[in-house]
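A.B. asks: give me coordinates for this.
(one chain, ligands or ions: 2)
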Amino acid sequence: MMPSPQDMKASLRCLLRGRRKAVSVLEAQKAALALRDVFLAHVTLPPRALVAAYSACGSEINPCPLIQELEARGHPLCLPCLPEDDSLLMFRSYALGDPLLMGAHSIPVPLAGAALVEPDVFLVPLVGFDRAGHRLGQGGGFYDRALAHARSLRPIKAIGLAYSVQEEPFLPLESHDRGLDSIVTEKDFFDSFYL
Ligand SMILES: Nc1ncnc2c1ncn2[C@@H]1O[C@H](COP(=O)(O)OP(=O)(O)O)[C@@H](O)[C@H]1O
Ligand SMILES: [Mg+2]
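C.D. replies: Ligands and ions are numbered 1, 2, ... in the order given. Next up, the predicted model:
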């Protein structure tokens, strides 16, 4: 019997998390700087576009050097927060240096007083990607829901950030999966040809 997409996703998450964990601390630091440089060389954002960053969790690639530069170039930032019912990601305004508190799933989030905002550009962490712009997440479907919701309301850009070892030739897809407009790694830029 053919494995279901869910089963295929589960085994790919295992494989890809293993590859990501094998990146050394020194390699990770270099990759975060290289990711910033590849991004800035290939991506042009509208002036003042509101950028949703993320707090790197586990062995996700560190977006901090990139978001420092984006903030310095005049982009306001925000970070995702999960509501208590675990439904749709919300985004709260964030400036570098603002205090954060430990949110659900041990992810640092802005304080509850930080303004709720609607990002124009989503920097999206991921477990796996393919060159067509498909994304494998941690399994909660949070960015699938957030991107579907945002795209139903306004034009947005979703840009996946990843280590190059997170690439797979093809990812299993389900109808709820939402694609990325482009992907940036420490080595390459891929503009999605599928969306
Ligand atoms: N737009 C949506 N509406 C309702 N449920 C969704 C939506 N997008 C994703 N989900 C749910 O999220 C779950 C996890 O999705 P999956 O694609 O496996 O995770 P991830 O994208 O994090 O890798 C799915 O079982 C699906 O039911
Ligand atoms: Mg998905």
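
A.B. asks: doesn't Gln68 fall inside a helix?
C.D. replies: Yes - Gln68 sits within a helix when classified using DSSP: H, G, I helix; E, B strand; the rest coil.

A.B. asks: let me see the contact set for it.
C.D. replies: Residues in contact with Gln68 (CB atoms under 8 Å, 6 or more residues apart in numbering) are Leu96. All C-beta spots, glycine's among them, are computed from the backbone N, C-alpha and C.

A.B. asks: name the helix or strand for Pro65, please.
C.D. replies: Per DSSP states H and E: Pro65 is located in helix 64-72.

A.B. asks: now that helix: buried residues?
C.D. replies: Neighbour counts over helix 64-72 (16 or more other CB atoms under 10 Å) mark Pro65, Leu66, Ile67, Leu70, Glu71 as buried.

A.B. asks: and the helices in this protein?
C.D. replies: Assigned by DSSP state H, the helices in the chain fall at 5-21, 25-42, 64-72, 142-153.

A.B. asks: export those helices to CSV and tack on distance to Leu111 and mean pLDDT?
C.D. replies: Putting these into CSV (distance: least, CB to CB, whole Å; pLDDT from 0 to 100) gives the following:
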stretch, distance to Leu111, mean pLDDT
helix 5-21, 30, 96
helix 25-42, 25, 97
helix 64-72, 18, 98
helix 142-153, 21, 97
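
A.B. asks: ligand 2 is nearest to which of those?
C.D. replies: helix 142-153 (4.4 Å; CB to the ion).

A.B. asks: in that closest one, which residues are buried?
C.D. replies: Phe142, Tyr143, Asp144, Ala146, Leu147, Ala150.

A.B. asks: out of these, who's nearest ligand 1?
C.D. replies: Distance to ligand 1 across the buried residues of helix 142-153 (CB to the nearest ligand atom) is lowest for Asp144, with 3.5 Å.

A.B. asks: who's in contact with that closest one?
C.D. replies: So Asp144 contacts Gly137, His176, Asp177, Arg178 (CB under 8 Å, 6+ apart).

A.B. asks: does the residue positioned nearest the centre of the chain have beta-bridge partners, and which?
C.D. replies: The residue lying closest to the centre of the chain (CA atoms, centre = their mean) is Val124, at 1.3 Å. When assigned by DSSP bridges, Val124 has beta-bridge partners Gly160.

A.B. asks: can I assume it is in contact with Gly133?
C.D. replies: No - Val124 is beyond contact range of Gly133, at 10.7 Å (criterion: CB atoms under 8 Å).

A.B. asks: name the residues contacting each of the two.
C.D. replies: Gly160, Leu180.
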